[in-house]
Each structure stands twice: as C-alpha cells, then as structure tokens.
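can you look at this prediction? I've put the sequence above it.
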Amino acid sequence: MIRSYYIDYPQEHIEGQAHRYRCVFCKLETTAINGHLDGHAATCTYRKQMEKEGFECLQSDAVTPMKEADDYD
Ligand SMILES: [Zn+2]
C-alpha cells in the first residue's frame, strides 16, 4: 500500500511561531516533513505506526506509472 502524501499525522502549534506547526511525535516542522513519511524522524511514533501498517517511504516523484508506449519521443 503506497500513498504519496502523509498529512494525517497529529500536529501541534509551535509556541511563539505564528502559522508554524509540527508533528506532535517527532517535533519536526510540517514544512520540513512536507507530506512525506520519511520527512518524519526515524523514531517518530506516527512514522513507525505507518510503516508497521505496511506503508512505504516513497516520495511522490519516485512513483513512476507503467508506460506501455516506451517509444514516446
Ligand atoms: Zn513525526
């Protein structure tokens, strides 16, 4: 099971930093995580939970759909 973006992790507001949020588990900023599972720390509870459920650390640009016409020029 592969998803391109992981944005359903619990977030918390960074105190004193307007409009900035971070993962409640690994404390990395949402802008650093950028929707990628491997944007979380390796020790992040959310990341470990997702990996346990079978999700993979794949960035969206690593997912290349199969092309039938490989002679496309
Ligand atoms: Zn995290």
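That came through fine. All values reported here derive from a predicted model rather than from experimental measurement. Numbers count the residues shown, from 1 in each chain.

quick check: mean pLDDT of stretch 13-33?
Average pLDDT, stretch 13-33: 95.

measure the residue lying closest to G39 once chain neighbours are set aside to the ion for me?
Nearest residue to G39, sequence neighbours excluded (CB to CB, 6 or more residues apart in numbering): I33, at 3.5 Å. Glycine gets a C-beta too; all of them are placed from N, C-alpha and C. Taking CB to the ion, to the nearest Å as the criterion, I33 is separated from the ion by 7 Å.

contact partners for I33?
Remark: with contacts taken as CB atoms under 8 Å, 6 or more residues apart in numbering, I33 is in contact with 6, 9, 23, 39-40.

need phi/psi at it.
Recorded main-chain torsions at I33 are phi -70, psi -40, according to degrees, to the nearest 10.

again, but for Y21
According to degrees, to the nearest 10, the main-chain angles of Y21 amount to phi -130, psi 160.

so what pairs up with it in the strands?
H13 (DSSP bridges).

ok, it to L37 distance?
For Y21, the distance to L37 under the criterion CB to CB, to the nearest Å works out to 17 Å.

settle it for me: which of these two has more neighbours?
Legend: neighbour count by other CB atoms under 10 Å for Y21 and L37, higher for L37 (22 against 14).

what does this structure put close to the ion?
With CB under 5 Å from the ion as the criterion, the chain comes near the ion at residues 23, 25-26, 40, 44, 46.

kindly recompute the last result at 8 Å.
9, 23-28, 33, 39-41, 44-47 (CB under 8 Å from the ion).

leaving out chain neighbours, which residue sits closest to Q11?
Distances taken as CB to CB, 6+ apart place Y21 nearest to Q11, at 4.5 Å, with adjacent residues excluded.

for that neighbour, which residues are in contact?
11-14, 29-30.

let's see that with 6 Å instead.
If you count contacts by CB atoms under 6 Å, 6 or more residues apart in numbering, Y21 has them with 11, 13, 30.

of those residues, closest to K52?
Of all the contacts of Y21, K52 sits closest to Q11, with 20.4 Å by CB to CB.

can you tell me how far that closest one is from C26?
11 Å.

which one of the two is surrounded by more residues?
C26 (19 against 16).
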